[in-house]
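*Asks:* The amino acid sequence is not available; the structure is as follows:
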């Protein structure tokens, strides 16, 4: 939360370059992602994988977005092995309006599906799998801006709830982009809730 407040203050107060390119809400991106859980019993497990994400501007201040995260990790033990798979698709709609010349206020709401599958191969019991999923609703607000002509930063905070299957919790995201051209850039993002932190790094093409 401290990082989120620092980035928000920088976005709101920094002098932005007048020659900066406008923010784009139409883009596609993809890359590496990692989900880490703070759990001393299981030695802070991590799941690595990939993600794809995209956004399309429908109107001057409205956009739709979607994405998919996938990660897996295998564990070996004396009498077999276990593989954990995590899938998380999401789909949402967002709104943005100017906060200053180079900073936008953003708000969005999204459907998120968290699905986990565990496959066990055991010398005594054979192979078996267990699946579970939870449907969530996430709503966030934040700021998105360009500290310089070739960089971008964003910050969001909000709430996520899944009813009886997932008790509501606060969520936060901090991210940034370094542009090589008006179209291509490298992006990085950190998001989290409770004891779960997700890191991602990839390539974005903006249109």
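*Replies:* Happy to help now that I have it. As the structure is a computational prediction, the values presented were derived from the model and not from experiment.
*Asks:* neighbouring strands for the helix or strand that residue 159 is a member of, and are they parallel or not?
*Replies:* Assigning secondary structure by DSSP states H and E places residue 159 in strand 151-161. Strand pairing for strand 151-161, determined by DSSP bridges: strand 126-148 (antiparallel), strand 169-179 (antiparallel).
*Asks:* buried stuff in it?
*Replies:* The neighbour-count criterion (16 or more other Cβ atoms under 10 Å) identifies 152, 153, 154, 155, 156, 157, 158, 160 as the buried residues of strand 151-161. All C-beta spots, glycine's among them, are computed from the backbone N, C-alpha and C.
*Asks:* Also stretch 121-137?
*Replies:* 121, 136, 137.
*Asks:* One more: stretch 171-187?
*Replies:* Within stretch 171-187, judged by 16+ other Cβ under 10 Å, the buried ones are 171, 172, 173, 174, 175, 176, 177, 179, 185, 187.
*Asks:* Can you add distance to residue 95 and pLDDT and give the buried residues of stretch 121-137 back as CSV?
*Replies:* CSV is the format used below for the buried residues of stretch 121-137 (distance: Cβ to Cβ, whole Å; pLDDT from 0 to 100):
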residue, distance to residue 95, pLDDT
121, 48, 87
136, 20, 96
137, 16, 97
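*Asks:* of all those residues, which comes closest to residue 38?
*Replies:* Minimum distance to residue 38 across the buried residues of stretch 121-137 is 19.8 Å, recorded for residue 136 (Cβ to Cβ).
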